[in-house]
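[1] Fold the following.
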Amino acid sequence: MKNYSIITLGASGSGKTIFLASLFKVFSIQGKFGFSLDVQDSSKRMVMNKVFADLTTGEQWPLGTRNISEWALTAYVNNSEISKVPACKITYVDYKGGLITDVSTKDEENYGGYNDLETYVKEADAVLVILDGQKLLSLMQDHDLTNKVVFRWLNEDLSALMQMVDKCNKYIPVHFIISKWDLLEGSYSLPDVKKRLLNNVPEFYNVVDNRRKVSCPVRLIPVSSLGKGFAVLQPDGQMKKLSVNPHPMNVECPLAFALTDKLPNPGRSKQKPFKPTVWDWIVIGLCIALIQPSNGFVLIIAIVYFGFRLLRNKKQRLNEISSSEEAFEQILSKCQEIKKQFNADFPDSDLAKIPSFKSR
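    A predicted model of the protein is given here:
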């Protein structure tokens, strides 16, 4: 069974913990996306459920991650008997956001954690980089870059993130998640944000361009872990909760891209050969006995019959999932559907398709 290592990078307050909790909530039971995720450690499952419950009912926002932690997830697909068939394992690495920006060589514990984080990045199968949507909103509003908070975010948090991304294998997919997209949506489009980042953040431009040159998947993915209307930005910069009914947006998309972009032929499943049944052989025998050069009616019946059988056989293959390989193939197929819909909604998200940035 395949095992994917996915690490999410982001500064403190960018929304890493909330994204993980929302992702687990969306995939906790198989629904419209065709597969589910479960945590191997039952105590961690309880932690994720509590984090999401605190998000929806508590007045305060949950605390961020305190150290590096691994979440051992298993992806499952239900077969025709609603039994869970394991498809693949996903090791999701989470860490304290300040580990990138607040680290000091005098702090041996933090410094060791930073080195561990570098190792995780270099060995990951996919890297998800969370760009704080609230900070991006300030960047979009600060046309002349005179806001000291924005300037510090660009030159500290974002710069440190890009330096860390540059350490990962250049053939490993890197996707930039724009968190809190509900703050930007309606005022700015994805092309607006993309242009601003490429034109005003040299480190971002260089990371994207280096990966583009080696045809490595890289894109911007707008995400709202709780959905529009759940919270509103206050004048003091704090987020005030308004609703107890979150409606996550696009949280499934980073996972879909992470699982498929590294594969040479993502989503291309191996089809089982068509095996004739006893009735099929009887029909074949009758057709051979009855068919004549001038009798096209029997030929039409044979074409209709076997056309129906092929369609039915295909449908049975989708329903009769018995092995991890078959379950994984179905997940890849579902991920392709998610990607197709996302690309239709956000056609400007793919940064690798930009032929040249010289005119930026």
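[2] For whatever helix or strand Glu326 lives in, list every residue counted as buried.
    Secondary-structure assignment from DSSP states H and E places Glu326 in helix 324-345. Buried residues in helix 324-345, counted by 16 or more other C-beta atoms under 10 Å: 324-336, 338-339, 342. Using the backbone N, CA and C atoms, a C-beta is placed for each residue, glycine as well.
[3] again with stretch 234-251
    In stretch 234-251, the ones that count as buried by 16+ other C-beta under 10 Å are 239, 241, 246, 248-251.
[4] cool, and stretch 19-29?
    For stretch 19-29, using 16+ other C-beta under 10 Å, the buried residues are 19-28.
[5] Could you do stretch 197-217 as well?
    Buried positions in stretch 197-217, judged by neighbour count with 16+ other C-beta under 10 Å: 197-198, 200-201, 203-205, 207-209, 211-212, 216-217.
[6] What is the end-to-end distance of it?
    The separation between the terminal residues of stretch 197-217, taken as C-alpha to C-alpha, to the nearest Å, is 18 Å.
[7] so which helix or strand takes in the most centrally placed residue in the chain?
    Centroid-nearest residue in the chain: Pro254, 1.7 Å away (criterion: C-alpha atoms, centre = their mean). Assigning secondary structure by DSSP H and E places Pro254 in helix 252-260.
[8] What lies in contact with that helix?
    Helix 252-260 has contacts (C-beta atoms under 8 Å, 6 or more residues apart in numbering) with 4, 6, 23, 26-27, 33, 88, 90, 125-126, 128, 173, 175, 177, 217, 219, 221, 223, 266-267, 331-332, 334-336, 338-339, 342.
[9] Out of the residues you listed, list just those in helices.
    In helices, defined here by DSSP state H, the members of the contacts of helix 252-260 are 23, 26-27, 331-332, 334-336, 338-339, 342.
[10] Just want the phi and psi numbers for Ser225.
    With angles defined as degrees, to the nearest 10, Ser225 sits at phi -70, psi -20.
[11] That one: what's it in contact with?
    So Ser225 contacts 15, 18-19, 21-23, 179-180, 246, 248, 251 (C-beta under 8 Å, 6+ apart).
[12] For Asn49, see how far away it is.
    15 Å (C-beta to C-beta, to the nearest Å).
[13] what's the pLDDT at Val283?
    Note on Val283: pLDDT of 58.
[14] oh, I was asking about Leu139
    Leu139 is given a pLDDT of 94.
[15] what helix or strand is the residue nearest to it when sequence neighbours are not counted on?
    Counting by C-beta to C-beta, 6 or more residues apart in numbering, Leu139 lies nearest to Val150, which is 5.3 Å off, once chain neighbours are set aside. For Val150, the host element (DSSP H and E) is helix 148-152.
[16] just checking, next helix/strand downstream of that helix?
    Assignment by DSSP H and E places the next element after helix 148-152 at helix 159-165.
[17] Return the distance of that following helix from the chain's centre.
    20 Å (C-alpha atoms, centre = their mean, to the nearest Å).
[18] Which positions in it come out as buried?
    By 16+ other C-beta under 10 Å, the buried positions in helix 159-165 come out as 159-162, 164-165.
[19] hey, where'd the strands end up in this structure?
    Ranges of strands in the chain, per DSSP state E, are 2-9, 36-39, 69-78, 84-94, 126-131, 174-178, 218-222, 231-233, 239-241.
[20] and these as TSV, adding mean pLDDT and distance to Lys262?
    Output for the strands of the chain, formatted as TSV (pLDDT from 0 to 100; distance: least, C-beta to C-beta, whole Å):
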stretch	mean pLDDT	distance to Lys262
strand 2-9	88	8
strand 36-39	92	18
strand 69-78	88	15
strand 84-94	88	12
strand 126-131	92	7
strand 174-178	95	11
strand 218-222	95	13
strand 231-233	83	34
strand 239-241	81	34
